[in-house]
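*Asks:* show me how the following folds:
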Amino acid sequence: MPKIILDEQEVMALEGATLLDAARAAGTNIPTVCWHPATTSNGLCRLCVVEVEGMRLLQPACVVRVTDGMQVQTRSERVLRARRTILEMLAASVDLSGAPEILALMEEYGASAERFPEAKRREVPLKDDNPMYIRDYTKCVLCWRCVQVCAEDAQYTYAINFSGRGYETEIGTFFDAPMPATTCVFCGQCVGVCPSGALKPKYEFLLEQGLKPDEIVTFHPGRKRRKV
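*Replies:* Presented below is the predicted three-dimensional model:
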């Protein structure tokens, strides 16, 4: 088993474990946004960065594997500054009102949502094209979770993927088709892993709009529509 020095403490890690795995096993919390236990880690959000001795750049803990003798700092000033900046940039470009865990991290790290007032905020029309859930990509943090569970990590339906490049990147369907015209089977796994409220059950969304339960009509594939 590889032995690492984590925040000045000697820690034994499992062979093949990531730095995130090793830290959490040792009781050290490292924040994440794109990481999820049901999806493949890709190191996208970079919120989990740590400082590894001998490496010039901060390393994403969710994908970097431990090696014997590693010396890792999870809360150095450089790490804290990077996490704070990432959160501030996220808040400047995305509506985080439906992401309580990210908002809690902003408070923890002293991140200011006003630091980048000139940043361009993502504005995407609400997509309400099916009876099961809505897609509000103004809240999307591009974490890949929904894409991954729709593909090889779980469902193998490939109904959604990325489109666009750079700042224009967004989640979408092939040729921007409405969800019922895709291979979506409405399993709800994408909604379940979304950390920001970009994907939300239609029932919950309508309640938030002020409708009462007896005013909401839901639709069930293969059944007649009914009131709930």
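*Asks:* ok, which stretches of the protein are strands?
*Replies:* 3-6, 9-12, 49-52, 59-60, 71-73, 133-135, 161-163, 170-172, 199-201, 217-218, 226-227 (DSSP state E).
*Asks:* where does the protein have low pLDDT?
*Replies:* Across the chain, the ranges flagged by pLDDT under 70 are 215, 217-228.
*Asks:* domain map for it?
*Replies:* Domain ranges of the chain: 3-75, 133-227, per automatic domain parsing.
*Asks:* export those domains as a markdown table, with columns for mean neighbour count.
*Replies:* Every C-beta, even on glycine, is put in place using the N, C-alpha and C of the backbone. What follows is the domains of the chain, written out as a markdown table (neighbours: other C-beta atoms under 10 Å):
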| stretch | mean neighbour count |
| --- | --- |
| domain 3-75 | 17 |
| domain 133-227 | 16 |
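*Asks:* ok so, going back, need the strands of the chain in JSON lines (columns: distance to H36).
*Replies:* Shown next, in JSON lines, are the strands of the chain (distance: least, C-beta to C-beta, whole Å):
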{"stretch": "strand 3-6", "distance to H36": "23"}
{"stretch": "strand 9-12", "distance to H36": "24"}
{"stretch": "strand 49-52", "distance to H36": "18"}
{"stretch": "strand 59-60", "distance to H36": "14"}
{"stretch": "strand 71-73", "distance to H36": "22"}
{"stretch": "strand 133-135", "distance to H36": "18"}
{"stretch": "strand 161-163", "distance to H36": "17"}
{"stretch": "strand 170-172", "distance to H36": "15"}
{"stretch": "strand 199-201", "distance to H36": "13"}
{"stretch": "strand 217-218", "distance to H36": "27"}
{"stretch": "strand 226-227", "distance to H36": "33"}
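*Asks:* now do the helices in this structure.
*Replies:* Applying DSSP state H to the chain gives helices spanning 19-25, 77-93, 100-108, 145-150, 189-193, 202-208.
*Asks:* now do the contacts for R56.
*Replies:* If you count contacts by C-beta atoms under 8 Å, 6 or more residues apart in numbering, R56 has none.
*Asks:* check the one 10 residues further on too.
*Replies:* With contact taken as C-beta under 8 Å, 6+ apart, V66 is in contact with 2, 4, 13, 17-19, 21-22.
*Asks:* hmm, 7 Å instead?
*Replies:* By C-beta atoms under 7 Å, 6 or more residues apart in numbering, V66 lies in contact with 2, 4, 13, 17, 19, 22.
*Asks:* also M179?
*Replies:* 129-130, 173.
*Asks:* now it: how far from I171?
*Replies:* M179 is 12 Å from I171, where distance means C-beta to C-beta, to the nearest Å.
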